[in-house]
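Participant: Kindly generate the corresponding structure for this input.
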Amino acid sequence: MPSPNLLTERDADKTPILECINLGINFGGLAAVENFNMAIGRTEITGLIGPNGAGKTTVFNLLTKVYQPTKGTILLDGNDTHNMTTAQVNRAGIARTFQNIRLFNDLTVEENVTVAMNAHMRYNMWTGIFRLPAFWKEERVAHERALELLSIFNMADLADTKAGSLPYGAQRRLEIVRALATNPSLLLLDEPAAGMNPSETAELMENIRKIRDTFQIAILLIEHDMNLVMNICEGIAVLNFGRIIAKGTPEDIQSNPAVIEAYLGKQKEA
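Facilitator: Sure, this is the predicted structure:
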């Protein structure tokens, strides 16, 4: 690959869960993302940062096939996702949250989680229509799994609460739980700390580590809270005008002149 990968020592002897090779997309004559190269280890927490409009969410949309790339390759666990749909990519192992919360507000907390398990249910349409024993067995399994996932975020006691009535921070946590319910190998978090106060952000950091350690999955996050990024991410890629301008550890990124210029502008000569 044209630029170094971000792989921790822990994952160095394993194939990456995600590889992006010369990934790009054009909207008309505009290259929104160009020559995007990245590899993520199987249990790595990686940050994707950059100024507003840098193309970060566009990268997430490419990975989840909201947009089909104009060029380049995405390998998920070694498999090319070319021509996959969003649903197929999700079943293959990528789940995401959104910058703007997208819950089913009129459903309960538990229902928001179990609806994400639909692709893994082992009964057919007729079994569901006639409520045969296989249907109730799968419903029981889904219920137990939902409560197990909710308990990770201390939300099991809210299972019967309408999602739309939850406080903002709890809605953020529920969206992450719903993504985990699809059994991903790579979790994409789009500004998970947006709108959170400092105590909620600190709790979020602990929860992200807990997710990685409990499920042994990789996490790629977009975030503007630099305290969160620098304290939780093992590798960071910086995007500016659709191109990666720096990769490295948090320490490398903090002292990188190109990154400082992208965020603060070029200093005028005296």
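Participant: where exactly do the helices run in the stretch 151-270 of the chain?
Facilitator: 168-180, 198-215, 226-232, 250-254, 257-264 (DSSP state H, counting those that start in this stretch).
Participant: Could you say which of those helices is packed most deeply?
Facilitator: Most buried of the helices of the stretch 151-270 of the chain, by mean neighbour count (mean count of other CB atoms under 10 Å): helix 168-180, with a mean of 21. C-beta coordinates here come from the backbone N, C-alpha and C atoms, glycine included.
Participant: Does that helix pack against any helices or strands, and if so which?
Facilitator: strand 94-96, helix 109-114, helix 133-152, strand 186-190, helix 198-215 (3 or more CB pairs under 8 Å, 6 or more residues apart in numbering; DSSP states H and E).
Participant: where are the low-confidence patches of the stretch 101-250 of the chain?
Facilitator: 119-137 (pLDDT under 70).
Participant: again, 90 this time
Facilitator: Applying pLDDT under 90 to the stretch 101-250 of the chain flags residues 101-102, 116-143, 152-153, 168-169, 194-197, 200.
Participant: Would you mind naming the residues that pair with the residue nearest to Thr182 when sequence neighbours are not counted in a beta bridge?
Facilitator: Spatial nearest neighbour of Thr182, chain neighbours left out: Ala95 (4.7 Å); criterion: CB to CB, 6 or more residues apart in numbering. Beta bridges link Ala95 to Leu187, judged by DSSP bridges.
Participant: Correct me if wrong: Ala95 contacts Ser185.
Facilitator: No: under the criterion of CB atoms under 8 Å, Ala95 is not in contact with Ser185, lying 9.0 Å apart.
Participant: Can you pick out the residue with more neighbours from those two?
Facilitator: Higher neighbour count among Ala95 and Ser185: Ala95, with 22 against 17, using other CB atoms under 10 Å.
Participant: still on that earlier bit, look up how far Ala170 lies from the residue nearest to Thr182.
Facilitator: Distance, Ala95 to Ala170, using CB to CB, to the nearest Å: 19 Å.
Participant: Which residue would you name as the spatial centre of the protein?
Facilitator: Nearest residue to the geometric centre of the chain (CA atoms, centre = their mean): Leu188, 0.7 Å.
Participant: quick one: contacts for it?
Facilitator: Contact analysis of Leu188 by CB atoms under 8 Å, 6 or more residues apart in numbering lists Phe60, Leu63, Thr64, Ile94, Ala95, Arg96, Thr97, Ile219, Leu220, Leu221.
Participant: how far away is it from Ile260?
Facilitator: Between Leu188 and Ile260 the computed distance is 27 Å (CB to CB).
Participant: Also Thr70?
Facilitator: Here the criterion is CB to CB. By it, Thr70 lies 31 Å from Ile260.
Participant: And Thr85, by the same measure?
Facilitator: Taking CB to CB, one finds Thr85 at 40 Å from Ile260.
Participant: before we move on, the earlier item: of all the helices and strands packed on helix 168-180, which lies closest to Asp80?
Facilitator: Among the helices and strands packed on helix 168-180, the nearest to Asp80 by CB to CB is strand 94-96 (13.6 Å).
Participant: just checking, what packs against the closest one?
Facilitator: helix 56-63, helix 168-180, strand 186-190.
Participant: what does stretch 70-80 contact?
Facilitator: Applying CB under 8 Å, 6+ apart, the contact partners of stretch 70-80 are 15-26, 35-36, 62-63, 81-82, 89, 92-94, 185-186.
Participant: Do me a favour and get the end-to-end distance for it?
Facilitator: Stretch 70-80 has an end-to-end distance of 15 Å (CA to CA, to the nearest Å).
Participant: same question, stretch 53-66
Facilitator: 18 Å.
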